[in-house]
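Trainee: No letters, just coordinates:
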């Protein structure tokens, strides 16, 4: 085995020593795990209606929760001033408030923890010379995205503090979408520190790369649609399957005007779109696997396509189950976890298809020289 590991996409820099690459992989893997955890805690925060329980943004001192009864009463008094309490939660006890407060506090604490878990090792690795220039730029970009995510999270919360009883579904979808982009970018950097398996037997065709990229884009759009469903509580109604409101294509999909608002503000249309995109994801994943099987690709690529198709089918079944039971907390979180798993495998499949393609192309160019 080689004593060095090449950074994917690097053409001019020397290979990263294997010891350095292993340490960086461990660090980025831990960050990815924290990001997944934060996404799931964010889902629980949404499902328990906890996201507006902390009405101020204090990036530093906010890490300390209320420590005394007077602190708790002060936080509760602030919550009592917002529409969610006055219109929906009036009469809530202090103990009930503490429950939703801890969910939101945990979500924000994880955000701070991720920032520290990135910044401290990053500085140490940089000082120690573990990070090559090309990776340094990408890691700085990742840190900037993390900062933007924190600001976007507060921007989302602000939308529910004055005129609404809940946060804007648009801002919720943007917050969730950026979280997915940060997770995807982290995983891409992590995978770039490895070596693509089966490169010597790969095909030089671009088809698998284009299909895998389209598949990933479809999964991403479907997850954004799921965020709109969550933002509108659209999963709490129309809890039948395969029919919705008594028909496969129900009436009322275009009631809002102008028509495009139905895609974002009509709960029936939003749920319908989420269902249709779910079917599309399953069909595309199965089609990709069968198409690749006919092309006899490297086993790793076919295996990732099979895993993606299997997870997509399981995720659809879990989504139907969750819908039929009107989105209980446990199933709602399981459905979100399943979506993240599909997203991760779609990223890996695209990276593998792209890496094998480039590896084959370089080998072909070397033989032609």
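Mentor: Sure, I can see it. This structure is a prediction, so every number in the text was calculated from the model and none was measured.
Trainee: C-alpha from now on. contacts and neighbour counts both.
Mentor: Fine.
Trainee: Where does the closest residue in space to residue 213 that isn't next to it in sequence fall, secondary structure wise?
Mentor: Distances taken as C-alpha to C-alpha, 6 or more residues apart in numbering place residue 350 nearest to residue 213, at 6.0 Å, with adjacent residues excluded. Using DSSP states H and E, residue 350 sits within helix 329-368.
Trainee: buried residues in that helix?
Mentor: Buried positions in helix 329-368, judged by neighbour count with 16 or more other C-alpha atoms under 10 Å: 331-361.
Trainee: So which elements touch that helix?
Mentor: helix 18-47, helix 169-192, helix 207-231, helix 299-324 (3 or more C-alpha pairs under 8 Å, 6 or more residues apart in numbering; DSSP states H and E).
Trainee: and the angle for the helix or strand containing residue 126 with helix 18-47?
Mentor: Residue 126 is part of helix 94-128, with elements assigned from DSSP H and E. Inter-element angle recorded for helix 94-128 and helix 18-47: 160 degrees (by axes from the mean of the first three to the mean of the last three C-alpha atoms, to 10 degrees).
Trainee: for helix 94-128, packing partners?
Mentor: By 3+ C-alpha pairs under 8 Å, 6+ apart, helix 94-128 packs against helix 18-47, helix 69-79, helix 133-158.
Trainee: who's in contact with the helix or strand following the second one?
Mentor: With elements assigned by DSSP H and E, the helix or strand that comes after helix 69-79 is helix 83. If you take C-alpha atoms under 8 Å, 6 or more residues apart in numbering as the criterion, helix 83 is touched by 160-165.
Trainee: Got the domain ranges for the chain?
Mentor: The record's domain parsing of the chain by automatic domain parsing lists 14-194, 199-369.
Trainee: tell me the mean pLDDT for the first one?
Mentor: For domain 14-194, the mean pLDDT works out to 95.
Trainee: same question, the last one
Mentor: Confidence over domain 199-369 (mean pLDDT, whole number) is 91.
Trainee: just to revisit the earlier point, now do the contacts for the residue nearest to residue 213.
Mentor: Here residue 350 is in contact with 209, 212-213, 216 (C-alpha under 8 Å, 6+ apart).
Trainee: Let me know the closest of those to residue 65.
Mentor: Residue 65 has its nearest neighbour among these in residue 216, at 38.9 Å by C-alpha to C-alpha.
Trainee: Now do the same contact list for the closest one.
Mentor: 343, 346-347, 350.
Trainee: What residues of the helix or strand where residue 287 lies count as buried?
Mentor: Per DSSP H and E, residue 287 falls inside helix 267-295. Residues 267-275, 277-278, 280-282, 284-286, 288-289, 291-293 are the ones in helix 267-295 that count as buried (16+ other C-alpha under 10 Å).
Trainee: circling back to that earlier point, among the domains of the chain, which is the most enclosed?
Mentor: Neighbour counts (mean count of other C-alpha atoms under 10 Å) averaged over each of the domains of the chain peak at domain 199-369, with a mean of 19.
Trainee: Run the chain-centre distance for that one.
Mentor: 13 Å (C-alpha atoms, centre = their mean, to the nearest Å).
Trainee: The spatially most central residue of the chain and residue 34: what is the separation?
Mentor: For the chain, the residue sitting closest to the mean C-alpha position, by C-alpha atoms, centre = their mean, is residue 180 at 3.0 Å. Computed as C-alpha to C-alpha, to the nearest Å, the residue 180 to residue 34 distance reads 13 Å.
Trainee: Likewise for residue 79?
Mentor: 28 Å.
Trainee: Equivalent analysis for residue 188, please.
Mentor: In terms of C-alpha to C-alpha, residue 188 sits 16 Å off from residue 34.
Trainee: And stretch 85-102, end to end?
Mentor: First-to-last residue span, stretch 85-102, C-alpha to C-alpha: 17 Å.
Trainee: Show me the contact partners of that stretch.
Mentor: 45, 48-51, 53-54, 72-73, 76, 79-80, 165.
Trainee: would a markdown table of the contacts of residue 350 with distance to residue 233 be doable?
Mentor: Output for the contacts of residue 350, formatted as a markdown table (distance: C-alpha to C-alpha, whole Å):
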| residue | distance to residue 233 |
| --- | --- |
| 209 | 36 |
| 212 | 31 |
| 213 | 30 |
| 216 | 25 |
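Trainee: Of those residues, which is the nearest to residue 30?
Mentor: residue 216 (22.8 Å).
Trainee: Now do the contacts for residue 72.
Mentor: Going by C-alpha under 8 Å, 6+ apart, the list of residues near residue 72 reads 66, 94, 98.
Trainee: try 6 Å
Mentor: Shown in contact with residue 72 (C-alpha atoms under 6 Å, 6 or more residues apart in numbering): residue 66.
Trainee: what do you get for residue 286?
Mentor: Counted by C-alpha under 6 Å, 6+ apart, residue 286 has contacts residue 309.
Trainee: I'd like to know how far it sits from residue 304.
Mentor: 12 Å.
Trainee: for residue 205, same thing?
Mentor: Relative to residue 304, and taking C-alpha to C-alpha, residue 205 is found at 18 Å.
Trainee: go on, residue 115?
Mentor: 31 Å.
Trainee: quick one: contacts for residue 42?
Mentor: residue 107.
Trainee: again, only this time at 10 Å
Mentor: Applying C-alpha atoms under 10 Å, 6 or more residues apart in numbering to residue 42 gives the contacts 36, 48, 50-51, 103-104, 106-108, 110, 176, 333.
Trainee: repeat for residue 70
Mentor: residue 76.
Trainee: so which of the contacts of residue 216 would you say is closest to residue 238?
Mentor: For the contacts of residue 216, the nearest to residue 238 is residue 343 (26.3 Å; C-alpha to C-alpha).
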